[in-house]
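Trainee: using only what follows, build the 3D model:
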Amino acid sequence: MQPNRARRVMIRLPRSTHPPDRVRQGWGGSSGAVLASLSSPVIISGVLRRLHTTKLFVGDVPLDADETHHARDVLRLRDGTEVEIFDDAGQIAEGIIHEAPGGGLIVRVRKLDQAPQRLNALTIAAAVPKGDRADWLVEKLSELDVDQYIPLLTDRSVVAPAGGNKFDRWHRLAIESAKQCRRSRVLRIEKPTPLAQAMSMTGGQGIYFTTEFDARHIATLADAQPRAGASPFHTTLFIGPEGGWSSDELSAFRASGLTPASLGPTILRVETAAIAAAVVVQALLYKHQ
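Mentor: Predicted structure coming up:
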């Protein structure tokens, strides 16, 4: 059976300039029309749909119930459709979807490709924001290609997640984000970790954000750049809770040798600080890799 590649959708846009959202909604008129097939999803031509599995191997890779639902009912992929599939370890492959006994789906994989080795790795160790702001944080850290998120337990933590439901949700969000943004690995999310334990995991390569007077702006710190000969380079960024670090925690940071840094004169929410810090450090790492 020949694989069914994603159907190409031809769009003829109006000659005059109109807001993009109106074009996407099918705005037309005498100047033009949007031509699309409603029988299959509108996708970018030549780009394979992405699916996820925990562990990828050569052969018939079964999709779990959630991924089967997503492939069949959301993406409406049919038997014989070619897809890209990836796993938590960064392995990638192209394969063909087939129906499986019992109503499931499998992806038939003939060859695995290993994602390129990462020269740099970034961990965000941050207090957990309130409500759905934590979901937003996980999604954005994934989009920014952060390797690991450690939810911190601090002296002034407002949120201390308990139970598995929240972490299952965060993991699903990380998977969906990885599929959408086409990152090779899924963001790793650790269990809630006391600050002292997280500090001990850094190996001395870490930056903590503070409003203390001795903190320099993150963009000026040479410590945010890879050290010569370090391969891979791994650093951890520590973001405190809304109430800030306690005096004991600041003393522990100073004793650890980690570097104090600032994101500017304003007071930021946890999720804002985490994203801003990740963007700046990723840019510095990319510049020097």
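
Trainee: just want the most central residue of the protein.
Mentor: Compute the mean C-alpha point of the chain, and by Cα atoms, centre = their mean the closest residue is Ser142, 1.2 Å away.

Trainee: name the residues of stretch 117-137 that are buried.
Mentor: Residues of stretch 117-137 classed as buried by neighbour count (16 or more other Cβ atoms under 10 Å): 118, 120-129, 134, 137. Just so you know, the C-beta spots here come from the backbone N, C-alpha and C atoms, and that holds for glycine as well.

Trainee: from those, which single one is nearest Gly59?
Mentor: Nearest to Gly59 among the buried residues of stretch 117-137 is Arg118, at 27.0 Å by Cβ to Cβ.

Trainee: next one: the closest one from Leu258, what distance?
Mentor: In this structure, Arg118 and Leu258 are 22 Å apart, going by Cβ to Cβ, to the nearest Å.

Trainee: show me the strands in this structure, by range?
Mentor: 50-52, 59-62, 82-86, 91-99, 105-109, 113-114, 120-127, 148-153, 188-189, 193-194, 206-209, 216-217, 233-239, 259-262 (DSSP state E).

Trainee: can you tell which of those strands is closest to Val159?
Mentor: strand 120-127 (7.4 Å).

Trainee: returning to what we had before: please name the nearest non-neighbouring residue to the residue nearest to the centre of the chain.
Mentor: Excluding the flanking residues, the one nearest Ser142 by Cβ to Cβ, 6 or more residues apart in numbering is Ser177, at 3.8 Å.

Trainee: what of Ile97?
Mentor: Thr81 (4.8 Å).

Trainee: what's the answer for Leu221, then?
Mentor: Nearest residue to Leu221, sequence neighbours excluded (Cβ to Cβ, 6+ apart): Ala261, at 5.7 Å.

Trainee: try His70
Mentor: Nearest non-adjacent residue to His70, counting by Cβ to Cβ, 6+ apart: Leu51, 7.6 Å away.

Trainee: for that neighbour, list the residues it contacts.
Mentor: Contacts for Leu51 (Cβ atoms under 8 Å, 6 or more residues apart in numbering) come out as 63, 67, 70-71, 83-86, 107, 179.

Trainee: now flag whichever of these is closest to Val47.
Mentor: Of all the contacts of Leu51, Val47 sits closest to Glu84, with 8.7 Å by Cβ to Cβ.

Trainee: would you confirm that that closest one contacts Ala93?
Mentor: Yes: if you go by Cβ atoms under 8 Å, Glu84 and Ala93 touch, sitting 7.3 Å apart.

Trainee: more neighbours, the two?
Mentor: In this view Glu84 and Ala93 are compared by other Cβ atoms under 10 Å, and Ala93 has more residues nearby, 21 against 18.

Trainee: without its sequence neighbours, what residue ends up closest to that one?
Mentor: Leaving aside its sequence neighbours, Ala93 sits nearest to Val109 (Cβ to Cβ, 6+ apart; 4.6 Å).

Trainee: tell me what the one you found is bridged to.
Mentor: Under DSSP bridges, the beta-bridge partners of Val109 are Gly59, Gly95.

Trainee: what lies in contact with the helix ranked longest in the chain?
Mentor: The residue-count maximum for a helix in the chain (DSSP state H) belongs to helix 270-288. Applying Cβ under 8 Å, 6+ apart, the contact partners of helix 270-288 are 120, 122, 124, 126-129, 133-134, 136-137, 140-141, 144-146, 207, 209, 218-219, 224-226, 233, 235, 237, 239-242, 261, 263, 268.

Trainee: shaky segments in the stretch 101-250 of the chain?
Mentor: Low-confidence segments of the stretch 101-250 of the chain (pLDDT under 70): 163, 222-233.

Trainee: what sits against Leu263?
Mentor: Counted by Cβ under 8 Å, 6+ apart, Leu263 has contacts 209, 217-218, 273, 276-277, 280.

Trainee: check Ala219 too.
Mentor: Neighbour list for Ala219: 280, 284 [criterion: Cβ under 8 Å, 6+ apart].
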